[in-house]
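Colleague: this is a predicted model, with the sequence first.
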Amino acid sequence: MKPVNDYKVLLATALLSFSITSAMAEQRILKIGTDGLYPPFSVVDNAGKVTGLDIEIGNAICAKLGAKCQWTAQDFEGLIPAVQNGRYDMVIASHSITDERKKAVDMIKYYNNSASFLVPKNGDGSDLSPAAFAGKSVGAQTATVHASYLEKNFSGSTLKFYPSQIEAYADLSAGRIDAVMGDTPTLYTWVQGEGKDCCKISEAKISDPSIGDGAGIVVKKDNEPLHSEIQKAVDLMWSNGEFDALWAQYFPFRIGNDK
């Protein structure tokens, strides 16, 4: 027969194990949607894991909320509806903040942004007016502010919209279109890598209210306290330098979050 003290030790060990297991089982899970085809912000690797700057930002937010991120990559066009119907707690996919989107969901700004065109290396790129691209082909990703901007302003051009930026880049590289519109940081990444021999970012940048006021994390309307929790986490990441440190791992230029 084992001594009484041995049984006490065994009982204490069992209770501790149960406590740890229960805590793990009760850990808060936050379901997050993203694009997965938007380097360097989100990319699905060969193992099927989604990685990138947006994922690092999301994981940092989850850590501050005492939660675990559960990531799902899907088509960009369906991300906002997926938040609305409760599939995700939030979406982190560099959505441009627009008045139209804010009617459907709440958006928490997490960085500033600008829009540009990718053009062939031998192209000019100093004039991004509709007149300069009359009769030419211009591409953008479906369901983005860039696609809407082109539809509204570039009626004299042939417009092509793609499920992902990557497919638009491929057509530009192959000479099937004359330009691609997109977020400047994302375009920068491509021309520093695969697109370095064919293309460049336009010297001019596009400033238009319809393109939006920075990039926002998407949450369902009036989803409290989650909205306020995310806002506090984002504010902390900017005040303590964490956001700048993450950004610097991907880009050599700084970007702000002025409100």
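Modeller: Structure's in. What do you need?

Colleague: can you tell me the SS state at the residue nearest in space to the middle of the chain?
Modeller: Centroid-nearest residue in the chain: residue 93, 2.4 Å away (criterion: C-alpha atoms, centre = their mean). Secondary structure, DSSP: H, G, I helix; E, B strand; the rest coil: residue 93 is strand.

Colleague: got a pLDDT number for residue 255?
Modeller: Residue 255 carries a pLDDT value of 86.

Colleague: check whether the residue nearest to the centre of the chain really touches residue 32, as I assumed.
Modeller: No: assessed by C-beta atoms under 8 Å, residue 93 is found out of contact with residue 32, at 9.3 Å. Placement of C-beta: from N, CA and C, glycine included.

Colleague: all helices for the stretch 151-259 of the chain, in order.
Modeller: Using DSSP state H, counting those that start in this stretch, the helices of the stretch 151-259 of the chain run over residues 165-173, 184-192, 226-239, 242-248.

Colleague: average pLDDT for the first one?
Modeller: Read that as helix 165-173. Helix 165-173 shows a mean pLDDT of 96.

Colleague: hey, C-alpha coordinates of it in PDB?
Modeller: Taking Å, rounded to 0.1, in the frame of the first residue of the first chain, the C-alpha atoms of helix 165-173 are listed here in PDB:
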ATOM      1  CA  GLN A 165      -3.700  40.700 -57.400                       C
ATOM      2  CA  ILE A 166      -1.400  37.900 -58.400                       C
ATOM      3  CA  GLU A 167      -3.400  37.100 -61.500                       C
ATOM      4  CA  ALA A 168      -3.400  40.800 -62.500                       C
ATOM      5  CA  TYR A 169       0.300  40.900 -62.100                       C
ATOM      6  CA  ALA A 170       0.700  37.900 -64.400                       C
ATOM      7  CA  ASP A 171      -1.300  39.600 -67.200                       C
ATOM      8  CA  LEU A 172       0.700  42.800 -66.900                       C
ATOM      9  CA  SER A 173       4.000  40.800 -66.900                       C
END
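
Colleague: which other helices and strands contact that helix?
Modeller: Contact here means 3 or more C-beta pairs under 8 Å, 6 or more residues apart in numbering; DSSP states H and E; on that basis helix 165-173 packs against strand 37-38, strand 115-120, strand 137-141, strand 158-162, strand 179-183, helix 184-192.

Colleague: tell me the helix or strand right after the first one.
Modeller: It stands for strand 37-38. Downstream of strand 37-38, the first helix or strand assigned by DSSP states H and E is strand 42-44.
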